[in-house]
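Colleague: Sharing a sequence plus its predicted fold:
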Amino acid sequence: MADYLFGPVMSSRLGRSLGIDLLGDRICSFDCLYCESGPTLKKTMTRQEYADPGAILAELERWLRDNQGDKPDHITLGGEGEPCLNLQLGKIIRDIKKIQPDIPLAVLTNSSLLGDHQVLEELGSADVVLPSLDTLVQEEFIRLNRPCAGLDIQEIAGGLETFCKEFSGRVLLEILLVPGINDSRENMEKITAFLKNLDHERVDLTVMSRPGAHMQLKTPDHETLHRWQRALHTPPARAEKGMEPGTTGRAASASTIMDSIRRRPQTLEQLCSALGSAPEETSAVLHRLGREQKVRALGHRKEKFYTLKEF
Ligand code: SF4
């Protein structure tokens, strides 16, 4: 299995996305209730060289060599934690763009470090940045995102605003709604006002669609979702796009499947769509990995998700 590369995975926002984890473990400035990587193991705002740029690049080169002709929609820096915590973020982005300039490079971030001018500069060579901002109400922020002590959501929002003004690529903001926590009228009004001055392309309103650190979290009802969509002028949630299962006729190997579900729990259908593999073959490999106790199946909202982790 690869240490840093995972996927491709299907993303409703980025299509078929080849993921790169810049931390190598669950290291983040937040410990969100909904995190699909599971609880944060190291909560920090300190930037370090958590993963070696040379090792990351070697894994990417190997994947590109082994999968010639396969072009994911995006290469995405994300994974098990906050990618901007890696001090080598700028070098990693530049190196990837050098060897693969044609695939758009996306960065997922929880926005906590966007106020750091150095981070802003390092993100300059990315094509797309996807910051999240679930709430502008400090109490909701602490309850939902469980940030490092002392982090203030208004300061983070200020950093995000400055970042959006200076960054020349696409900015796709994400707000994940959890009923009873950040779906309040106060939050909706504050976010609506904030977005009026934010230089961004789009806002994606999302709900918890996979098993997360806390399985008991609920998703908002249709009425709440529609109220937020109307206020924020966001489109309805989009279906995941990508290849149909089995169109490449490729067999999905056990290591490819494990790399894909290692950081993101997925259903059989999502896996087949992301890997372009046939459902029957993929299902057989999953069953074998289950018997070997390498993979677990978890029920979530009437669907079966495969993962390597305990939640
Ligand atoms: S969801 Fe993102 S920001 Fe939240 S704990 Fe997980 S990796 Fe960190």
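Modeller: Done, it's in.
Colleague: Contact partners for Asp95?
Modeller: Neighbouring residues of Asp95 by Cβ atoms under 8 Å, 6 or more residues apart in numbering: Pro53, Leu57. Heads up, the C-betas are built off the backbone N, CA and C, glycines and all.
Colleague: tell me which element it falls in.
Modeller: Assigned by DSSP states H and E, Asp95 belongs to helix 89-99.
Colleague: does whatever helix or strand comes next after that helix come close to the ligand?
Modeller: Proceeding N to C from helix 89-99, the next assigned helix or strand is strand 105-109, under DSSP H and E. No. Judged by Cβ under 6 Å from any ligand atom, strand 105-109 stays clear of the ligand, getting no closer than 7.3 Å.
Colleague: starting at the chain centroid, how far to the helix or strand that contains Gly19?
Modeller: Gly19 is located in strand 15-21, with elements delineated by DSSP H and E. Its chain's average C-alpha position is 9 Å from that of strand 15-21, according to Cα atoms, centre = their mean, to the nearest Å.
Colleague: okay, the angle between the helix holding Asp95 and strand 15-21?
Modeller: Between helix 89-99 and strand 15-21, the angle comes out at 130 degrees (axes from the mean of the first three to the mean of the last three Cα atoms, to 10 degrees).
Colleague: What separation do you get for Gly158 and the ligand?
Modeller: Using Cβ to the nearest ligand atom, to the nearest Å, we find Gly158 at a distance of 18 Å from the ligand.
Colleague: For Glu189, pull up the helix or strand it's in.
Modeller: Residue-wise, Glu189 maps onto helix 185-196 under DSSP H and E.
Colleague: List the strands paired with the helix or strand following that helix, with their directions.
Modeller: From helix 185-196 onward toward the C-terminus, using DSSP H and E, the following helix or strand is strand 202-206. Applying DSSP bridges to the sheet, strand 202-206 is found paired with strand 170-176 (parallel).
Colleague: The partner strand: which residues count as buried?
Modeller: Across strand 170-176, burial judged by 16 or more other Cβ atoms under 10 Å covers Val171, Leu172, Leu173, Glu174, Ile175, Leu176.
Colleague: quick one, strands of this structure?
Modeller: Along the chain, the stretches classed as strands by DSSP state E are 5-11, 15-21, 27-28, 42-43, 74-78, 105-109, 128-131, 170-176, 202-206, 296-300, 303-307.
Colleague: Out of these, which is closest to Thr267?
Modeller: Evaluated over the strands of the chain, closeness to Thr267 peaks at strand 303-307, with 5.3 Å, by Cβ to Cβ.
Colleague: Show me what the closest one is packed up against.
Modeller: Here strand 303-307 touches helix 254-262, helix 268-275, strand 296-300, going by 3 or more Cβ pairs under 8 Å, 6 or more residues apart in numbering; DSSP states H and E.
Colleague: For the last one, name the packing helices and strands.
Modeller: If I follow you right, that is strand 296-300. Strand 296-300 sits against helix 279-291, strand 303-307, with contacts defined as 3+ Cβ pairs under 8 Å, 6+ apart.
Colleague: next one: the longest one
Modeller: Taking 3+ Cβ pairs under 8 Å, 6+ apart as contact, the helices and strands that helix 254-262 lies on are strand 5-11, helix 268-275, helix 279-291, strand 303-307.
Colleague: any idea which of these is most buried?
Modeller: Across the helices and strands packed on helix 254-262, the average number of neighbours (mean count of other Cβ atoms under 10 Å) peaks for strand 5-11, which reaches a mean of 26.
Colleague: What pairs with that strand, parallel or antiparallel?
Modeller: By DSSP bridges, strand 5-11 pairs with strand 15-21 (antiparallel).
Colleague: distance between the helix holding Asp95 and the chain's centre?
Modeller: Taking the mean of its C-alpha atoms, helix 89-99 sits 19 Å from the chain's own mean (Cα atoms, centre = their mean).
Colleague: Now it: buried residues?
Modeller: For helix 89-99, the neighbour count (16+ other Cβ under 10 Å) marks Leu89, Gly90, Lys91, Ile92, Ile93, Asp95, Ile96, Lys97 as buried.
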